[in-house]
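Participant: give me a model of this one.
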Amino acid sequence: MEDPDEVEELLRSQGARRASRDQLSRSNPDFDAVSPEAGQLDAEAVADLAARDPDAALRVLAAMARAFDPALRAAARSLAARLPVGNPRTGTADRPGTSRVVTRREPTGSDVDLDATLAARGSEPHWRAEHLHTRGWRSTGRAVVLLVDASGSVAGDELAAAVLTASALVQRMRPGDELGVVAFWSKAVVLRPLSADPRVDLVVDRLCDLRGGGTTDLELALQTAAAQVARSRAADRQVLLLSDGIATDSPDPVNAASALARIPARLQVLALSAEDEAMASCTALATAGAGKVAALHRPSMAPAAVRELLG
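Facilitator: This is a model prediction of the structure:
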C-alpha cells in the first residue's frame, strides 16, 4: 500500500484506539512518575529514568505516544522524535561530492556503455535485457529503506525499537542521503516514501498510530522495500530490516532478499529475537542480501546496532 490517501485512512482507523490514563498507569510502573497530572509530561523525570534504565524510559514514552489525552500524546511523540541516539557521522566524507557518472545494469542512463554491454553478453548468441548497461549520473549519498515488522502487534519494546531506529537513521543522515520507511505484516504499507527530508516527526507519528497485526509476509515486505530503494540514484542503497525474520505467510523470502543484489542494494537485518530459529532466519536473509546481522533485543541497543550495520 503506497497511495497516500489509503495510508492515511489506514493509520486513522488504527490510530483511533487510544489508552486512558488508568490503562497507562496499570500497565507501566513508571507512568505516574513521568506524568503526574493529566496532559503533563515531566521531561526531567524522563531524563532521570533514562539515566537509570534507558529501556524503561523508551517503553513509557512509547506507551504515552498512544495516550487518549492529546496533550500527553503530542508531548511524548515530540520527545521520542528528539531522543539522543549518539553522535552523527563526522570526519572526512567517504563519499565526496554530490554525484558522479557510473555504469549500471539499467535502461535508464543517458548513454549506452558499449564495452560493459558487450562484456555482459559475452558469447551468448542472443541479446537479453540484462545485457544492457548504461552510463548516467548517480548521487554519492546513501539511500536506506527501514522495513519494520508490524506482525502480531507494534507495541512496547517493538515500537520503542522502531522509533529509536528511525531516529538513529535520521540523525545520521547527511546531504545526499535518503530515508524511506515501510511497515509490514500480511500487507506492506509505505509510511514514508524514500526522501531526503531529515525530519523524523512524521515517521514517529505514523509508527505510533500503526497497529499492524496478523501474519508475516516477508517476501511482500522485501519486494516493497526493493521497489522503493530501486528508485534512488544513490550509489549506496540499503534495506534495513527490523524483524525476528520468521515468515508465516509467504514463500521462502530468501529469494526476495537475493533479488536486492540486482538493483543493486544490500539487506541489513536488525534481529529482534535471540531465539535460535529467529537468529538463523535473520542470518540467512542477511547472507542472501549480501548484508550483516546485528542484535536488537532491547530498544536501547538500536543506535549501536545501526552504527554496526551502516557505519
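
Participant: the stretch 101-250 of the chain: strands as residue ranges?
Facilitator: Along the stretch 101-250 of the chain, counting by DSSP state E, counting those that start in this stretch, strands occupy 111-112, 134-149, 178-184, 188-195, 234-243.

Participant: out of those, which one sits most buried?
Facilitator: With neighbours taken as mean count of other Cβ atoms under 10 Å, the strands of the stretch 101-250 of the chain reach their highest mean count in strand 178-184, at a mean of 26. No exception for glycine: its C-beta is placed from N, CA and C like everyone else's.

Participant: and that one, what does it pack against?
Facilitator: Secondary-structure packing of strand 178-184 (3 or more Cβ pairs under 8 Å, 6 or more residues apart in numbering; DSSP states H and E): strand 134-149, helix 156-171, strand 188-195, helix 201-209, helix 218-229.

Participant: one more time with 10 Å, if that's ok
Facilitator: helix 4-15, strand 134-149, helix 156-171, strand 188-195, helix 201-209, helix 218-229, strand 234-243 (3 or more Cβ pairs under 10 Å, 6 or more residues apart in numbering; DSSP states H and E).

Participant: which residue of the chain sits farthest from its center?
Facilitator: residue 125 (42.8 Å; Cα atoms, centre = their mean).

Participant: burial count for residue 126?
Facilitator: 6 (other Cβ atoms under 10 Å).

Participant: cool, the one 3 residues further on as well?
Facilitator: By other Cβ under 10 Å, the residues close to residue 129 number 8.

Participant: before we move on, what about residue 29?
Facilitator: 11.

Participant: ok, which of the helices and strands packed on strand 178-184 comes nearest residue 26?
Facilitator: Nearest of these to residue 26, taken as Cβ to Cβ: helix 156-171 at 14.3 Å.

Participant: what angle do that closest one and strand 234-243 make?
Facilitator: 170 degrees (axes from the mean of the first three to the mean of the last three Cα atoms, to 10 degrees).

Participant: buried sites along helix 156-171?
Facilitator: 157-171 (16 or more other Cβ atoms under 10 Å).

Participant: ok, now stretch 208-224?
Facilitator: 208-212, 216-224.

Participant: out of the residues you listed, which one sits closest to residue 134?
Facilitator: For these, the closest approach to residue 134 (Cβ to Cβ) belongs to residue 223, at 24.0 Å.

Participant: just the element for the closest residue to that closest one other than its chain neighbours, please.
Facilitator: Spatial nearest neighbour of residue 223, chain neighbours left out: residue 256 (5.6 Å); criterion: Cβ to Cβ, 6 or more residues apart in numbering. Residue 256 belongs to helix 254-259 when assigned by DSSP states H and E.

Participant: contacting residues around residue 80?
Facilitator: For residue 80, the contacting residues are 58, 61-62, 64-65, 159-160, 163-164, 166-167, 200-201, 204-205, 207-208, by Cβ atoms under 10 Å, 6 or more residues apart in numbering.

Participant: host element of it?
Facilitator: Going by DSSP H and E, residue 80 is part of helix 70-81.
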